[in-house]
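[1] Here is a sequence with its predicted model. Questions after.
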Amino acid sequence: MFRTALRNVLAHKARLLMTVLAVMLGVAFVSGTLVFTDTLGNAFRNQSAKSYDNVAVSIETYAGDDEKTPGIDDATLEKIRGLDGVASATGRVDGFAGVADPDGKLIGNGWSNTGANFAPGKDGKDAQYAFVEGSGPVKNGSVALDKDTASKGEYKVGDPVRVATNGPVKEYTLSGIFTTEDGAVNAGGSLVLFDTPTAQKLYLKPGVFQNATVSAAGGVSDQKLLDEIEPLLPKDATAQTGKALADQQAKDIESGLTSLNTMLLAFAGIALFVGIFLIANTFTMLIAQRTRELALMRAIGATRRQVKRSVLLEAAFVGTLASVIGFLLGLGLATGLRSAMGLLGGKIPAGPLIVSPTAVASAFAVGILITVLAAWLPARRAAKIAPVAAMSSVHATASVKSLVVRNSIGGVITLLGSAGIVGGAASGGTSGRQLVAAGAFFALIGIIILIPLLSRPVIALVRPLLKKVFGVSGKLASQNAVRNPRRTGATASALAIGLTLVTGISVLGVTLGQAIDKMTTDNIKADYLISMASGDSLDESALTALSKADGVSALSPQQAASLQVDGEYHSASGVTPGDVEKVFALTTESGSLASLKDGQVAVGSETAKSNGWKTGDTLPVTFEDEKKGEVTIGATYKQNEFLSPFVLPKELADRHSASTRPEIREIWIKADGGASKANEQSIVDALGDNPAMSVMDRQDIRDMFGGFINTALNIMYGLLAMALLIAVLGVVNTLAMSVFERQQEIGMLRAIGLDRGRVKRMIRLEAVVISVFGAVIGVGLGVFLGWAIGRTLSADIPGYALVIPWDRLGIFLLLAGLVGVLASLWPARSAAKLNMLTAIKTE
Amino acid sequence: MTTTPTVHRATAVAARATELSKVYGEGETQVVALDRVTVDFPQGEFTAIMGPSGSGKSTLMHCVAGLDSFSSGSVRIGETELSTLKDKQLTQLRRDKIGFIFQAFNLLPTLTALENITLPMDIAGRKPDAAWLQKVIDMVGLSERLKHRPTELSGGQQQRVAVARALAAQPEIIFGDEPTGNLDSRSGAEVLGFLRNSVRELGQTVVMVTHDPVAASYADRVIFLADGAVVDQMMHPTADGVLDRMKAFDAKGRTS
């Protein structure tokens, strides 16, 4: 049996090609994912272990609300240094610091731009940083940069460097360039080192550190040091051994990678699921062609089980072979993915490619299991072949077995699934989404079962058109496409699955994008939005500078504040009275916003309604600074997405701010004559050409809120491409099979006068019909799903309205047609090249 | 119409092979399939080509019908010389001037009987001549079964559809390759009867390759091929006469 199976595989090399390719791609996806995440995890783990190599104990303080204990002071550090077994104790302080590239743009992405202190030990070196050029900054006015940032900004030692922190930009002299094991820097961030007093002044206050690292002298255990250090620390500080910290980081990385892993594997799963259809098609055909051969084996004494096993064994061979190639391809994929991420700016620490036994085992298990599983039904059918079939001289034609049972089951499942989707959409929320997801699964399965039934009427619809446009080729193609409904169904299903998902996420993505876009345009009038790239709050000085800038006609901060009414917290926005209605689109429902000028407040209408407040009411409040007072409601307005439910005049917010610096989140600007180059330049100049501040126009604002949706969509498209690729292989496979099975027919057509061009066109049209059919089903189901999931979200999204991206859907259908044309290239060519004489010759 | 079965040498020739040779391979392994064959197929005549397996009878038909290329010599269909035609022109020639009936795989299973019959005209983009089509359909007795698909027809009925298809386009010549090979004797006799009637009543030219003496007896003339050359011919053949002639070749082959 073993030998027969192997022989069969070898004999049908060409016909198994697409199956091998499909399994191979799926396995490559799986193994690539596993190897990539393993490699990444290992590299990050090594790095974090390395960066805590010299750290025996790490002390961190968290900025409490209590301003009186701001970290570790020098005295505490001195006490720690005095402990037995402590080699050194280094205080650290860090915060945001950005430098500009030669074009004045911030290097890095805001949240990974760090500034820290250079803390030399007795030897004048800081073990964290290895200087490749120059030396560390030890005096006020000099800084050091990490190597990548220095090269991106084209800075050399001795150059002036403008550094933006949360205050105004200051110029420093570059004293040195260093490399570090710091994870954030290695992930593409920037790091500016200041001398310790400067850093303390910038980020905390003189003489105080945020955290500290302690290294041990030989022979002292980390734990013992930790026990000794802990009693010395202020109450807002925690200490951990370096090992514990490294482990903690490793664990964080692990969990981050696990979710990446799960997501990638989910897409690999989809690709493999699609592959099942192709494999099943191939084995069904191989068995149909070998009916007589298999019957002969049964006639000479092979049992049903043996026949079945021989087919499954064949599948196992194919699966193994494809897994081997797929696994190697996966290794390449993992390597490629790593360098691709490097190119995209996400730097990944170097490290060896990690090929774990689990990755190998799962890749092979998946590859072989999928193939054997997909061959299961065909194998069962093979076992049912009666021995007498060996004697019959007629070629086994495609079984025209009744599809009644299949269709009834499919119909019931589809109905159940659709009911789930509609029900979920109606109930909404998380539970609704879960119901939609479950419904979607069943609806998809149901449709897959029903597709053979659907193929006939749907394709019959386009037949007159094909006949009219393409003549006899079109007529024959549309008929050939439904000749073997099961096969057509399986082929179209593969495409439909991919397109259901692609369409679903497109509808959802575009709908959400539009809702966000609408929210932006409906709620603001401002032309520019100023914020810190780091996400910190802006300095008061920026507001002053901007108010004097040319071209600024109105500006208001959105200053974060809060107040309590009857013990309940309400968030509030401090704004400039008089200008606020010029930068935000505010609809006053009662009263007037002019009342802000008199120190009154405005309340969002929903909040007012739910609390039973009216314009003119005076509320007793507790401000942020714990002071009690009263505010009078001067106006109510329709809730705005960019403002808190309470709007206070800035002066009131300032007066009761809990911190020393008012928290100016954003500054909104209305410019004279709208957005223009000159206005933007004037704003940038007023801000002191500060790379840490971002100046966004309306398009930038829309991109900031909605941009991630496009990115997410593109990533999803990329990940689903593999499933679609396998579906395309399925179309190639089906056509190659059809051409092979219809050799004689095609030969006859050639003999009676169908020329090569039209033979090709006939095959091509068949491919297009099958692909577009699958695409139509997929797009239809996808829109349905997108609608349903959108409905469950609609309650959470103001201004939600379903948007069907017709342009994208059109492109999908067009692409499906193109896929058909591409997939048919090779089968059509081989059909046209068919030797007529061998084709029409009978045995 | 223009000819009667008793007139064997009509004025016009539907197809003619002159010094036709087909050689496979080169040097030592060279196989001569056709060796300078010269033969005429006059208009309005039913010719059967016979010969033992490997005699070259199918090759001769394929070459004359424009299905296969040949090494040297000339083939004419009507006035058209085939040796100079490209594949596309050959395809057109087959479409417009030649009808075919094969042993099997004659019909497209997706088309109805009527659609199969009109397929060559469909391919050519021509409208079938309704009166002629009706005549042909009546002759083969298929008027009741036009809407059926091939799988719903018996083998004999399927072959009658094939005959009707060959006739419907009014080709200059019809070639049959063992058209009764897969049929029982009664169905075979029917199909052969139709072919003979088409020659007698409609003036069609038919050339048929067969190894069955009974089938050959329906023809006006039998050409005998052996080892790639025409060795004999017989007018007004009878089954017994043909059989005897074949036996004689066999005997000769064995003794020589």
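    Structure received. Predicted model only: the values in this text are computed from it and were never measured.

[2] The residue positioned nearest the centre of chain B: what secondary structure?
    Centroid-nearest residue in chain B, with Cα atoms, centre = their mean: B:F175, separated by 2.1 Å. Here B:F175 is recorded as strand under DSSP: H, G, I helix; E, B strand; the rest coil.

[3] pLDDT below threshold where in the stretch 1-150 of chain B?
    B:1-11, B:105 (pLDDT under 70).

[4] Near chain A, which residues of it? Just list them.
    Listed as neighbours of chain A in the stretch 1-150 of chain B under the rule Cβ under 8 Å from any Cβ of the partner chain: B:62, B:65, B:67-68, B:87-88, B:91-92, B:94-96, B:99-100, B:102-106, B:108-111, B:119-120, B:122-125. In short, each C-beta sits where N, CA and C put it, glycine included.

[5] Could you rerun that using 7 Å?
    B:62, B:67-68, B:87-88, B:91-92, B:94-95, B:100, B:102-106, B:108, B:110, B:119-120, B:122-125 (Cβ under 7 Å from any Cβ of the partner chain).

[6] The residue of chain B found nearest chain A - nearest residue in space that isn't next to it in sequence?
    At 2.4 Å from chain A, B:R95 is the closest residue in chain B, using Cβ to the nearest Cβ. Spatially, and ignoring its direct neighbours in sequence, B:R95 is nearest to A:G753 (2.4 Å; Cβ to Cβ, 6 or more residues apart in numbering or on different chains).

[7] what's the answer for B:S187, then?
    Leaving out its chain neighbours, the residue that sits closest to B:S187 by Cβ to Cβ, 6+ apart is B:G156, at 2.8 Å.

[8] Which residues in the strand or helix carrying the one you found does the neighbour count mark as buried?
    B:G156 is part of helix B:155-168 when elements are defined by DSSP states H and E. Residues of helix B:155-168 classed as buried under the neighbour-count rule (16 or more other Cβ atoms under 10 Å in any protein chain shown) are B:156-168.

[9] if we can go back for a sec, please pick the buried ones from the residues of the stretch 1-150 of chain B next to chain A.
    B:62, B:67-68, B:91-92, B:94-95, B:100, B:102-106, B:108, B:110, B:119-120, B:122-124.

[10] quick one on the thing from earlier: would TSV of the buried residues of helix B:155-168 with distance to A:V311 and pLDDT be doable?
    Rendered in TSV, the data for those read as follows (distance: Cβ to Cβ, whole Å; pLDDT from 0 to 100):
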residue	distance to A:V311	pLDDT
B:G156	38	87
B:Q157	37	90
B:Q158	33	90
B:Q159	37	89
B:R160	41	90
B:V161	38	92
B:A162	37	91
B:V163	42	90
B:A164	43	92
B:R165	40	91
B:A166	43	91
B:L167	47	90
B:A168	45	90
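
[11] Can you report phi and psi for B:R36?
    Main-chain dihedrals, B:R36, degrees, to the nearest 10: phi 40, psi 60.

[12] show me what contacts it?
    Residues counted as contacts of B:R36 (Cβ atoms under 7 Å, 6 or more residues apart in numbering or on different chains) are B:19, B:21, B:73.

[13] ditto for A:I763
    Contacts of A:I763 (Cβ under 7 Å, 6+ apart): A:735, A:739, A:824, A:827-828, A:831.

[14] Surely the residue of chain B closest to chain A is in a helix?
    Yes - the assignment for B:R95 is a helix, going by three-state DSSP.

[15] For ChimeraX, write a command that selects the buried ones of the contacts of B:R36.
    Buried subset of the contacts of B:R36, written as a ChimeraX selection, criterion 16+ other Cβ under 10 Å:
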select /B:21,73
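
[16] Among the contacts of B:R36, which are located in strands?
    Residues of these located in strands (DSSP state E): B:19, B:21, B:73.

[17] The second one reaches B:A33, doesn't it?
    It refers to B:S21. No - with contacts counted by Cβ atoms under 7 Å, B:S21 stays clear of B:A33, the gap being 8.4 Å.

[18] pLDDT weak spots in the stretch 51-200 of chain A?
    Ranges of the stretch 51-200 of chain A meeting pLDDT under 70: A:63-70, A:110-111.

[19] quick revisit: dump the contacts of A:I763 into CSV; add secondary structure and neighbour count as well.
    Formatted as CSV, the contacts of A:I763 follow (DSSP: H, G, I helix; E, B strand; the rest coil; neighbours: other Cβ atoms under 10 Å in any protein chain shown):
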residue, secondary structure, neighbour count
A:L735, helix, 26
A:V739, helix, 23
A:S824, helix, 29
A:P827, helix, 24
A:A828, helix, 23
A:A831, helix, 27
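
[20] Among the residues of the stretch 1-150 of chain B next to chain A, name the ones in strands.
    Reading strands off the residues of the stretch 1-150 of chain B next to chain A with DSSP E, I get B:F100.

[21] close enough to count as contact, A:R761 and A:V469?
    No - checked against Cβ under 7 Å, the pair A:R761 and A:V469 is beyond contact range at 10.7 Å.

[22] Name the residue in the two with the higher neighbour count.
    Counted by other Cβ atoms under 10 Å in any protein chain shown, A:R761 and A:V469 do not tie: A:R761 has more neighbours, with 22 against 10.

[23] who touches that one in this structure?
    A:R761 touches A:470, A:473, counting by Cβ under 7 Å, 6+ apart.

[24] Just give me the neighbour total for A:K384.
    If you count neighbours by other Cβ under 10 Å, A:K384 ends up with 12.

[25] What sits closest to it if chain neighbours are left out?
    A:R304 (7.5 Å).

[26] Count residues in the vicinity of that neighbour, would you?
    As a burial measure, A:R304 scores 13 neighbours (other Cβ under 10 Å).

[27] Show the backbone phi and psi for A:D73.
    Per degrees, to the nearest 10, the backbone of A:D73 is at phi -90, psi 170.

[28] before we move on, the earlier item: out of the ones in strands among the contacts of B:R36, which is nearest to A:Q200?
    B:S21 (103.8 Å; Cβ to Cβ).

[29] Could I get the contacting residues of that closest one?
    B:34-36, B:70-73.

[30] For the one residue sitting closest to the centre of chain A, pull up the helix or strand it's in.
    The residue lying closest to the centre of chain A (Cα atoms, centre = their mean) is A:A712, at 4.6 Å. Using DSSP H and E, A:A712 sits in helix A:698-741.

[31] for that helix, packing partners?
    Counting contacts by 3 or more Cβ pairs under 7 Å, 6 or more residues apart in numbering or on different chains; DSSP states H and E, helix A:698-741 packs against helix A:13-51, helix A:242-289, helix A:485-523, helix A:756-793, helix A:806-833.

[32] Quick check: next helix or strand after the last one?
    The element immediately downstream of helix A:806-833 (helix or strand, assigned by DSSP H and E) is helix A:836-840.

[33] and if you look at the first one?
    Using DSSP H and E, the helix or strand that follows helix A:13-51 towards the C-terminus is strand A:57-61.

[34] swap in the third one?
    Reading on from helix A:485-523 to the C-terminus, the next helix or strand found by DSSP H and E is strand A:528-532.

[35] So which elements touch that following strand?
    Secondary elements touching strand A:528-532 (3+ Cβ pairs under 7 Å, 6+ apart): strand A:664-671, strand A:693-697.

[36] To chain B, which of the ones you listed lies closest?
    strand A:693-697 (60.6 Å).

[37] That closest one pairs with which strands, and in what direction?
    Looking at strand A:693-697 with DSSP bridges, its partner strands are strand A:528-532 (antiparallel).

[38] What helices and strands are in contact with the helix or strand just after the partner strand?
    Next in sequence after strand A:528-532, counting helices and strands by DSSP H and E, comes helix A:540-548. With contacts defined as 3+ Cβ pairs under 7 Å, 6+ apart, the packing partners of helix A:540-548 are strand A:552-565, strand A:664-671, helix A:677-686.
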